[in-house]
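# how would this look folded up:
(chains A and B)
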Amino acid sequence: MPQNQIAHAKSRTADSHRPMYGVAFLGYMFGNLVLGLFHLSAGRYHYLFVHSIRQIYFTAFQAFKLVFFIGVALGILVVLPFVSLGFTDIDMLSSLMEKVLFHQLVPFIAAIVAIGRSGTAITSEIASMQNQQVMEMLLLEGIDPHHLLVQPRVIGMTISMLLLTVWMFAGAILGSSTIVLFVDDVGWLQVIRASSAMLTLFELGISALMMVWFGIAIGTIHCYYGLLSTDTVLAARNLPKAFVRSFVSCLVVITLFSLVRYG
Amino acid sequence: MADRVLDLAAVVLPLAWEALPLDLTISKGEVWVIDGPSGAGKTTLFKVMSGLIRPYDGAVFLFGCNLDQTHADQLIPLRRRMGVLLEGNGLIPSWTVFENLALPWRYHGWLSQERLEPHIEAQMLRYQEDMGLLYRVAASLTQEQCLRMALLRAVQKEPELLLLDNDRVAFHLTRILKLAWAEKLEAASVAMVVRGSPHLAASLPAECIRLAVMRQGNLLASGKPAELRHHPDQDVVLFAKRY
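Residues are numbered from 1 along each chain as shown, chains lettered A, B, ... in the order given. Coordinates of the predicted model:
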């Protein structure tokens, strides 16, 4: 084939060989994940179900003690200064817990725990798969790696975020109530009743929506950086990048939600 | 005429430099060895042959189907007839060997759950593999064990074409050939493409070997090694003498 024809062929097909990066790849990945839910293969849902459950088990259930303990500590830390200053009104403290803990701190700290514990594990696991050419092997088997490896992680992470928030909030109620009980003559039931009265269905819905977004963002961003890590050097570089990106995305989202709530 | 399993027609490899188009036909009963110096484009050629990447130009026909014009769903049954071993072992590290081997069968619903375990155990026994490895997590295996399991995954579908892009495979190839594949090659029911390595010649049946020597993305020469020993290019002669 003459050289000019080869050059023409190259320019014609060069675009199809250019790997996707950045927003384009992230967008493609997200679209593929959504479309993948409707992709019917005989054993597909078996893998989707089993690996989503595994992700939930690792992210939410194995972290239960840790997250609950952080919740207790947060509850104590938030309420203690107010109680020491003499603000012991149960309604005021419940309102404080709702606004500061439930709306702001608990979801954000839960997201940081999920990023640090599970997000980094996802990135490094997918990076090690890239290193072993697992993605190529799956494509050769006629399996979309996004459907098999990314989708269960994103679904698992999303459900886990909801559970982590529940665990941490339960811990926070326990921690703050314990302080209130020491200084005020009220019972446990009163404290819990006052706290739950503040949580309306709207507030719960907003928080759930926020946690779903956190889960999707953390799962997708960490898988994305894992997929970009084709060797161990890149994996080492991409791990902190993934951490920072998902941290910032959660921070932006929680700020936006706060503006909607109080703005 | 022997059955053609893979045809490369005027294929230009997608490399950073301009390569010339190459033609290669792989038929049943043949063992093609792709050899050449480092950076010759052997891995790229394997990726093009397996359909992982598209060539800049030309066409790849797998079992008579043009890969570029075949829909992804139609590729699945074609790929079932092809076994591939890449440079990396391709095993999912956090899964057990059984889960790795079972993946294509389960995912595509090719085998029911009841028949899956006996099938994989039978394959392990057939290729004289250690059954103790079956339920171990892939990450806990040695590199050698991973390679054996990856090779088993490549042959477990009884493929008609085996692509082995791994230069550490020579030793295990002897066993695979002895246990099943030598007979199949003799009966011209399968074909094999192997990445060249210094110790490979001892593992392969001499009469089946065809050699393709590459350099800088170009196919320098192809044919039986004995014929290539008198080639004007010294690189071709050097590699032909290996086989």
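# Is the helix or strand hosting A:V244 in proximity to chain B?
In the assignment (DSSP states H and E), A:V244 maps to helix A:232-262. No - using Cβ under 8 Å from any Cβ of the partner chain, helix A:232-262 stays clear of chain B, coming no nearer than 12.2 Å. To be clear about C-beta, it is placed using only N, CA and C from the backbone, and glycine gets the same treatment.
# For the stretch 151-263 of chain A, which segments count as helices?
For the stretch 151-263 of chain A, applying DSSP state H, counting those that start in this stretch gives helices covering A:151-183, A:188-198, A:201-228, A:232-262.
# Of all the strand elements in chain B, which one is longest?
When chain B is parsed with DSSP state E, its longest strand is strand B:4-12.
# Contact partners for the most centrally placed residue in chain A?
By Cα atoms, centre = their mean, chain A has its centre lying nearest to A:G215, at 3.1 Å. A:G215 makes contact with A:A114, A:V154, A:M157, A:T158, A:I159, A:S160, A:M161, A:L162, according to Cβ atoms under 8 Å, 6 or more residues apart in numbering or on different chains.
# Helix, strand or coil: sort out the first one for me.
Pointing back at A:A114 there. helix (DSSP: H, G, I helix; E, B strand; the rest coil).
# hmm, back to that, for the contacts of A:G215, give me TSV that also has pLDDT.
Conversion of the contacts of A:G215 to TSV gives the following (pLDDT from 0 to 100):
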residue	pLDDT
A:A114	92
A:V154	93
A:M157	94
A:T158	94
A:I159	96
A:S160	96
A:M161	93
A:L162	94
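# The residue of chain B at minimum distance from chain A and B:V5, how far apart?
Across chain B, the shortest distance to chain A (Cβ to the nearest Cβ) belongs to B:G109, at 2.4 Å. Using Cβ to Cβ, to the nearest Å, B:G109 is found at 25 Å from B:V5.
# okay, these two: which has more neighbours?
B:V5 (25 against 12; other Cβ atoms under 10 Å in any protein chain shown).
# wait, isn't that one in contact with B:L24?
No - taking Cβ atoms under 8 Å as the definition, B:V5 is not a contact partner of B:L24, at 11.5 Å.
# hang on, A:I109 is in a helix, isn't it?
Yes - assigned with three-state DSSP, A:I109 falls within a helix.
# okay, now it: neighbour count?
Around A:I109 there are 20 other residues, counting by other Cβ under 10 Å.
# In contact with it: list those residues for me.
A:I70, A:L74, A:M168.
# next one: A:L239
Residues counted as contacts of A:L239 (Cβ under 8 Å, 6+ apart) are A:T120, A:T123, A:S124, A:A127, A:Y225.
# Could you tell me the backbone phi and psi angles at B:T25?
As for B:T25, its main-chain torsions (degrees, to the nearest 10) stand at phi -120, psi 130.
# partner residues bridging the nearest residue to it once chain neighbours are set aside?
Excluding the flanking residues, the one nearest B:T25 by Cβ to Cβ, 6 or more residues apart in numbering or on different chains is B:D7, at 5.2 Å. On the basis of DSSP bridges, B:D7 is bridged to B:T25, B:F61.
# contacting residues around B:D7?
Taking Cβ under 8 Å, 6+ apart as the test, what B:D7 contacts is B:L24, B:T25, B:I26, B:A59, B:V60, B:F61.
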